Structure formats: C-alpha cells, structure tokens
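Participant: fold the following.
(chains A and B)
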Amino acid sequence: MCPRTLCTLAHVFESAGLSTVVLTPMKELAERMKAPRTLHTDFPVGLSLGKPRDNKFQHEVLQAAFDLLQEPEGPVIKEFPVSISSVGNEPLVCSLPPRVNTELHPAIDEAQALKSAYDRAHQKNKRTSIGMQISAEKVPEALEKFVKIVEGEQWDEVGFPTNSMYGTVHDIRCYYEELACELAEGPIGPWSTEEWFYDKTAAGQLILQARRVMKDRDVEQSIWFGLAPAGRT
Amino acid sequence: MAVFGKDEATVRKFGAGMAIPEFGEPSFNELKSLKHAKVAIVTTAALHREGGEGFELGDNDFHFETLPRDARDLTLGHHSVNFDRGGFAADINVVYPIDRLQELAENGTIGEVAENHYAFAGNQSDTVSEIRLDSGPLCAKEMLNEGVDIVILTGT
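Facilitator: Below is the predicted model of the structure:
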C-alpha cells in the first residue's frame, strides 16, 4: 500500500536514467513527494489497475499511464477519469456448501467441503498466497483451534505456535478468497471477498467470535487485533 | 467504526500525514518513443514466487524480488488485513499487469516487455534510506543493464 515507497523508487529510478509512472490513489502524498509522473487512480487500495478480470479497463489505465510519458516536464499528476469506491458495490455471489458432517463444527465442515474448490482454483491459476503459516490442508485443523478458544480454552493452550495466529488467519482467509474467486458468479467487486468471508462463511464468523472472546478476556490486543480488518467487531 | 481500508477518507488522511524524505531537484527523463521502449513493472505488493522466502513482517525488509516475465506462480506477500486481497486472488494483473503489457507488445503499442520485473515490500522505514541508497539503485542498475526504458510502478 505504501505510496511513499512507490514515489521514492520513482525518484531513484528516474535519477538513474529510467522514465517512470506511478499509479496510486494517494494523490496528496505523490504531490508532496513530487513524484516525476503520477496517474492518480481513485481506486480502492489493493487494486492498482482498478478492476480484476476486466482487460479493457486495465488497458485504459495503462494507456493513461503511458500518456504521461508525453508530458514535456514534471513533476506531473493526471487524474484517471473513472473512480471506483470501496463501498456500495454488489456483494459477491458465491454459494456455500450444505452441511456434510453435522458432528463437526460448521466452520470445519465447511472448510473441508470447500477443499475441492480450492484445489480447482490452485490448479487453474497455478498460484496461491497461502503459506505464511500453514498449508491449505491444515485449514480445518487451524479452525479447530479457534473453536476451542470460543468454547473457553485459553488462546495459548490450544496449539498455536508462538506468534502464529495472525499468519494462520491470513492463510485461512486466502484459502476462502481464492476458492471464492473460482466459485463466484459475476465480477469480483472491491472488498467483496473480504465481506463474504467475514459476513457469510462459518469460518469468518468463527474467527470474529474468537476475536471478541479474546478481547473480552483481556488478552493482549496484539494477539487478536489483526485477525480481521481494523473496525470489524 | 468503519473498516479501515474501506474508509477512503481515513486512508487518504493516512497517506497525507505520512513523513516523507526530501529529494532536492527531482530528475525527469523524457521518452523518445513508446513504440520502441522496453517496459518493466516494479510493484510494492511484495510479490514473490510460490515457495520462495518472500518478505519479512515489519519495516526492515528492503530487498527486492526478481520476477521473470513468464512467472505466474506469484504470491502476494503484502500481509496486511486492511486492504482488498480479492482482486489479486481473481487476477494478478490488477496489481501486476504483466499480461496486459504482453498484449501491448504484441500489438506494437510498446516495443518490448522486460525479461525481468521486480517487487519490493511497501512497508519501509520512515527515512526509506535503505531503498534510496541500496536496493533501489541496485534494482535500477539491473533494469538499465537489461535495456529497460520505462518503469510502471504499482502498489497494493
């Protein structure tokens, strides 16, 4: 996200003899840093080219970026004419599987039932962002630890290695978001997979519940705060 | 309370209030011909090859990863919970428009797509002195050695 790093690199590269264009929604910072050429893209953070799976839109953004190379002097900032908001977008249309094994916690049952969709997505895209802490195979086992926290066990007695809870949730969320992109009908709107994960899935609900439980038990904030975006309760 | 990354006013305020380094008289290189230019992408999305070491948490990892042109087994190493990761999960081009550049090279809009592209971690020290004085210049040198003319810089 950090636009300061982007603008710094632009200065470094330009002083070495390269021509640069920064794409960023952080116009004020690009102005203050006098980045040589900036295309102000009023898009949600995480979406530099605006719209996933929309080749035409992405080409329009790139064309606007390349147009800046015709400017005779800088620093120069131009506005991309289309804005995309983080809010008010269509929700993700992604069905969840029915219960398979009612003896399991709903989140564990759900994660197991979705494994084939994750595998399909991984095979198709040949990439995954899971791996910060656990593999896809370990997602149900990791969720079991959160079930134990919700049921009353202490967070540091359910089997999380030191400093691993944040990375574990990162991987669980990636698992769900990557398979959601495989299963979803229609476009993937800004924040739609995040909203689907925390608002609709049993796994997301379980993690939010465990987060609330730890907060109520006065567990140190650094343990539970990063398990969901700031502002979620 | 709004979710941080979705609250556009808060995100803008965060960016506007960030400490910044001084650069003196900035350089600005004119480009002669886009049609003959070699283009590279540099992203601060902390991308790395799947199974690679990737980036460390915190503000002290100033190294960069080299992403060969044909590599698509890319992992998003920017681990913050406060941004939309679904876009990258659906399409790497929304962060790293490598396929779009290939198409522009094929239709003659640009001259060539660089053989190598590069990723840094966006979270750096407040002075950004490490990427200014060390890894940034080294990355520039690698691009110049390959004959790159234009760098498109994207973040997350």
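
Participant: now the strands: where do they sit in chain A?
Facilitator: A:19-24, A:37-40, A:76-79 (DSSP state E).

Participant: please pull out the lowest mean pLDDT helix or strand from the chain.
Facilitator: Using chain A here. Ranked by mean pLDDT, DSSP states H and E, the weakest helix or strand in chain A is helix A:27-33, scoring a mean of 92.

Participant: quick one, domains of chain A?
Facilitator: A:3-79, A:106-227 (automatic domain parsing).

Participant: select the longest helix from chain A.
Facilitator: Longest helix in chain A by number of residues (criterion: DSSP state H): helix A:165-183.

Participant: output the contacting helices and strands for it.
Facilitator: On a contact count with 3 or more Cβ pairs under 8 Å, 6 or more residues apart in numbering or on different chains; DSSP states H and E, helix A:165-183 meets helix A:115-125, helix A:139-150, helix A:192-195, helix A:202-216, helix B:86-90. For the C-beta atoms, the positions are set from N, CA and C on the backbone; glycine is no exception.

Participant: I figured A:Ser95 hits A:Ala184, correct?
Facilitator: No - using Cβ atoms under 8 Å, A:Ser95 makes no contact with A:Ala184, being 9.2 Å away.

Participant: who has more neighbours, the two?
Facilitator: The neighbour count for A:Ser95 versus A:Ala184, taken as other Cβ atoms under 10 Å in any protein chain shown, is higher for A:Ala184 (19 against 9).

Participant: quick one: that one from B:Gly52, how far?
Facilitator: 28 Å (Cβ to Cβ, to the nearest Å).

Participant: what's the answer for A:Arg173, then?
Facilitator: 21 Å.

Participant: out of those two, which sits in the more crowded spot?
Facilitator: The residue with more neighbours, out of A:Arg173 and B:Gly52, is A:Arg173; 26 against 14, by other Cβ under 10 Å.

Participant: tell me the pLDDT at the more buried one?
Facilitator: Per-residue confidence at A:Arg173 stands at 97 (pLDDT).

Participant: so who does the nearest residue to B:Glu8 once chain neighbours are set aside touch?
Facilitator: Spatial nearest neighbour of B:Glu8, chain neighbours left out: A:Ser86 (6.0 Å); criterion: Cβ to Cβ, 6 or more residues apart in numbering or on different chains. Shown in contact with A:Ser86 (Cβ atoms under 8 Å, 6 or more residues apart in numbering or on different chains): A:44, A:190-191, B:5-8, B:84.

Participant: ditto for A:Cys2
Facilitator: So A:Cys2 contacts B:44, B:122-124, B:155 (Cβ under 8 Å, 6+ apart).

Participant: and if we set it to 10 Å?
Facilitator: A:8, A:24, A:26, A:29, A:45, B:15, B:18, B:44, B:59, B:78, B:80, B:120-124, B:128, B:155-156 (Cβ atoms under 10 Å, 6 or more residues apart in numbering or on different chains).

Participant: neighbours of the residue in chain A that chain B sits nearest to, how many?
Facilitator: Distance from chain B to each residue of chain A (Cβ to the nearest Cβ) is smallest for A:Thr193, at 3.0 Å. Residues lying near A:Thr193 (other Cβ under 10 Å) number 27.

Participant: that one and A:Pro187 touch, don't they?
Facilitator: No - assessed by Cβ atoms under 10 Å, A:Thr193 is found out of contact with A:Pro187, at 11.5 Å.

Participant: shared neighbours of the two, anything?
Facilitator: Common neighbours of A:Thr193 and A:Pro187 (Cβ under 10 Å, 6+ apart) are A:92, B:90.

Participant: nearest residue to residue 114 other than its sequence neighbours?
Facilitator: No chain specified, so I'll use chain A. A:Leu179 (5.5 Å).

Participant: wrong one, I was asking about chain B
Facilitator: B:Ala40 is the one closest to B:Ala114 (Cβ to Cβ, 6+ apart), at 3.8 Å.

Participant: and the strand or helix carrying that neighbour with strand A:19-24, angle?
Facilitator: Element membership of B:Ala40, judged by DSSP states H and E, is strand B:38-43. If you take axes from the mean of the first three to the mean of the last three Cα atoms, to 10 degrees, strand B:38-43 sits at 30 degrees to strand A:19-24.
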